[in-house]
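J.: Model the following, please.
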Amino acid sequence: MSGNLLQNLNSEQKRAVMATEGPVLILAGAGAGKTKTISERIRHLVHSGVAPESILAITFTNKAAKEMRERVERSLASDQDLNRPISMNERPFVSTFHSLGVHILREQAHNAGLRRQFAIFDRDDSKKVVKEALVRVNLDPKVHDPGKIMSLISKQKGRGITVEEWVSMGEEGYFADVVAQVWPHYEQILARDNALDFDDLLLKTNNLLRENKSVRDYYRNVWKFIHIDEYQDTNRVQYEISQLLVGDDRNICVVGDIDQNIYSWRGADIKNIMAFEEDYPNATVITLEENYRSTKTILEAANAVIEKNKVRRKKNLFTSNSSGDKISFKGLLDEVSEANFIASKAKKLIDSGTPAEEMAVLYRANFQSRVLEEAFMNSGVPYQILGTRFFERKEVKDIVSYLRASLNPDCLADMKRIINTPARGIGKTTIVKIFGGGGEELPHAMMSKLANFRALLSKIAETSKQRKVSETIYFIIKESGLEDEFKDGGEDGADRLANAYELVNFAARYDSLNPEDGINQFLTDAALQSDQDELKEDKKAVRLMTVHAAKGLEFDVVFISGLEDGLFPHAKMNTEHLTPGEAEEERRLFYVALTRARKKLILTYAQVRTVFGRQSVSMPSEFIMDIPENLLEEDSYEGYDGESSGRRPLLEIDF
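T.: Numbering: from 1, shown residues only. Now for the predicted structure:
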């Protein structure tokens, strides 16, 4: 790579870009330019003669994968020293772990014992399957929480445990016994519907790579250079997939930050990154500590907070940015006063010139969003809550189910969802007969309705093979009768029609692909959407979200609310204390919250908070006290609809 291409990198970033042989561990602090470093590393590989299509880069969210893909493509397109333009088929493969699993399983469907057009069930679909499995074993879904059962199944699959292994383990306890009864039927229903859940996308990929040497060797030959972002967030199965894909040259580069490991509750294992040098002896280790995002004050606070953790690799973020404002804190009477303060303060900042979309309100638990939303609504401050996903809306799921059912008629879940949506005079009794094998007994008129419905699915399937993805989605909306139903549905119908048309707009991003590839990619992305994918970049609104959802994002101004002992750090129910590991993860979560801010941080807490109908007095979070006193100042703003707490300044409180 020429010197000109390296001039915008600092010395450690240059080392990371140039270290292309063998295993490499990049410990990248928050805001240290890791995406830029990876994209430049990929450009350097291509510039050095590596075929672009032999490069794999995996990250964790669709948003992160999209950003990296665009950066890589821009980087390669701007490299005038390359002899020729890079075609679509030659581009590096940039993907999430789940999308990678879909890609491999569709390509290797025969070897994986699958049909290529398998459906991908989201969490809501999977919980419905658990409900059906509970009924099969004569257990009441109202008594046995399908979500809790689904969570345990998901966690076990993330550890690489199959249903057969779980049952053979003979776990003791009533709940374990329920899961042992339900899980086999859950798998049978998925197989019946030719469907995989989110965790199957990884587990089945892992099992295929481990058990089929020819498939494993094929992908090792395809991808010679592997990059994995957010390595600290890998679970057992993702960790094993990465190892199985690495060839004899051991050209694997992982990027991560131990201090941002915040997903142990969904299986992420910090040991994976801590033990990288044991897994790959003689690995090159590079630490990126220069931060390009935040002020000196914010970084000094973040460093002071995180250095209390024991399980970490020591690093100290620094920046050439200005010192900036001190970190504000505000104690309020209760959660209503806190929410009113935040909304009013946000309004003042907007009036002073801060764009609404450059502000975020972060909270530890989802229940905190209700009172915040009410305050923002009352204040007239534009806001967007991350958490209500577009693809979970009924009308959107209905349209997607039409497409899935047309391609995969064996999926009873999709067929049941749409067979009478909109109403076709096919009642519940008829549906039971159809799916119970008694369809031949139906009256002639009903058989005619069913024939028309099946003909519609055939037309959709044919359309999907010939036309652009967006045209297929619009065809479904129109030909299914959903468009007419929405138009006759008043204000609610107008909203649903707007969402349906928005789905057409979403589908248009796949129109450049051939119809089959476009449809498959559309269905994959629709199933794997995350909270961050709901972020409307062009919406001028303050973002409200959990700290977990904020990881990877950044804003000029960040409010961190609910900083009370028992809420943040969060206390487990029915236990007195967090384990040391849990306590360190809570501290990492606060570190993530702090480092989302570029310019200004505002910390708030309430003296009294009502949780689950019970009011309790709260102490300020220990995390506030971990920030050096010289970096803090009490916020004096009082122009909001709510009383000041009237407490002594926080720093005078004795703990």
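J.: which regions of this protein sit below the pLDDT cut-off?
T.: Within the chain, the stretches with pLDDT under 70 are 1-5, 79-89, 387-389, 437-439, 530-538, 572-576, 612-613, 640-655.
J.: longest helix of it?
T.: Ordering each helix of the chain by length in residues (DSSP state H) puts helix 444-466 first.
J.: and the helix or strand following that helix with helix 444-466, angle?
T.: For helix 444-466, the succeeding helix or strand toward the C-terminus, using DSSP states H and E, is helix 469-479. Computed by axes from the mean of the first three to the mean of the last three C-alpha atoms, to 10 degrees, the angle separating helix 469-479 from helix 444-466 equals 160 degrees.
J.: Remind me what helix 469-479 packs against, helices and strands.
T.: Identification of packing neighbours for helix 469-479 by 3 or more C-beta pairs under 8 Å, 6 or more residues apart in numbering; DSSP states H and E yields helix 394-407, helix 444-466, helix 490-507, helix 515-527. (Glycine included, C-beta is placed from N, CA and C.)
J.: repeat that with 10 Å
T.: If contacts are counted by 3 or more C-beta pairs under 10 Å, 6 or more residues apart in numbering; DSSP states H and E, helix 469-479 sits against helix 394-407, helix 444-466, helix 482-487, helix 490-507, helix 515-527.
J.: nearest to Leu333, of those?
T.: helix 490-507 (36.7 Å; C-beta to C-beta).
J.: Going by neighbour count, which residues in the closest one are buried?
T.: Applying a neighbour-count criterion of 16 or more other C-beta atoms under 10 Å, one finds Gly493, Arg496, Leu497, Asn499, Ala500, Leu503, Val504, Phe506, Ala507 buried in helix 490-507.
J.: Relative to Pro184, which of these is nearest.
T.: Of those, the one sitting nearest to Pro184 (C-beta to C-beta) turns out to be Leu503, at 35.5 Å.
J.: Tell me which residues touch that closest one, please.
T.: By C-beta atoms under 10 Å, 6 or more residues apart in numbering, the contact set of Leu503 is 390-391, 393, 395-396, 399-400, 470, 473-474, 476-477, 522, 526.
J.: Buried ones among these?
T.: 391, 393, 395-396, 399-400, 470, 473-474, 476-477, 522, 526.
J.: for the stretch 501-650 of the chain, what spans make up the strands?
T.: 542-546, 555-560, 597-611, 614-617, 632-634 (DSSP state E, counting those that start in this stretch).
J.: partners of the last one in the sheet?
T.: Within its sheet, strand 632-634 is paired with strand 327-334 (parallel), according to DSSP bridges.
J.: buried ones in the following helix or strand past the partner strand?
T.: Using DSSP H and E, the helix or strand that follows strand 327-334 in sequence is helix 335-351. Applying a neighbour-count criterion of 16+ other C-beta under 10 Å, one finds 335-347, 349-350 buried in helix 335-351.
J.: Over to stretch 444-451?
T.: Met446, Lys449, Leu450.
J.: okay, the angle between the longest helix of the chain and helix 515-527?
T.: Using the same axes, to 10 degrees: helix 444-466 against helix 515-527 is 110 degrees.
J.: which other helices and strands contact helix 444-466?
T.: Secondary-structure packing of helix 444-466 (3+ C-beta pairs under 10 Å, 6+ apart): helix 394-407, helix 412-418, helix 428-435, helix 469-479, helix 515-527.
J.: what comes into contact with it?
T.: Residues contacting helix 444-466 (C-beta under 10 Å, 6+ apart): 117, 402-403, 405-409, 414-415, 418-420, 424-427, 430, 433-434, 439-443, 471-476, 479-481, 514-516, 518-519, 522.
J.: and if we set it to 8 Å?
T.: Helix 444-466 has contacts (C-beta atoms under 8 Å, 6 or more residues apart in numbering) with 402-403, 405-407, 409, 419, 424-426, 430, 434, 439, 442, 471-472, 475-476, 479-480, 515-516, 519.
J.: chain center to it: distance?
T.: Distance, stretch centre to chain centre, for helix 444-466: 36 Å (C-alpha atoms, centre = their mean, to the nearest Å).
J.: so what's the nearest residue to Asp626 once chain neighbours are set aside up against?
T.: Ranked by C-beta to C-beta, 6 or more residues apart in numbering and with sequence neighbours excluded, the top spatial neighbour of Asp626 is Val305, at 4.8 Å. Taking C-beta under 8 Å, 6+ apart, we find Val305 in contact with Arg587, Phe590, Tyr591, Leu594, Phe623, Asp626, Ile627.
J.: The second one - how many residues pack around it?
T.: So that's Phe590. Phe590: 27 surrounding residues under other C-beta atoms under 10 Å.
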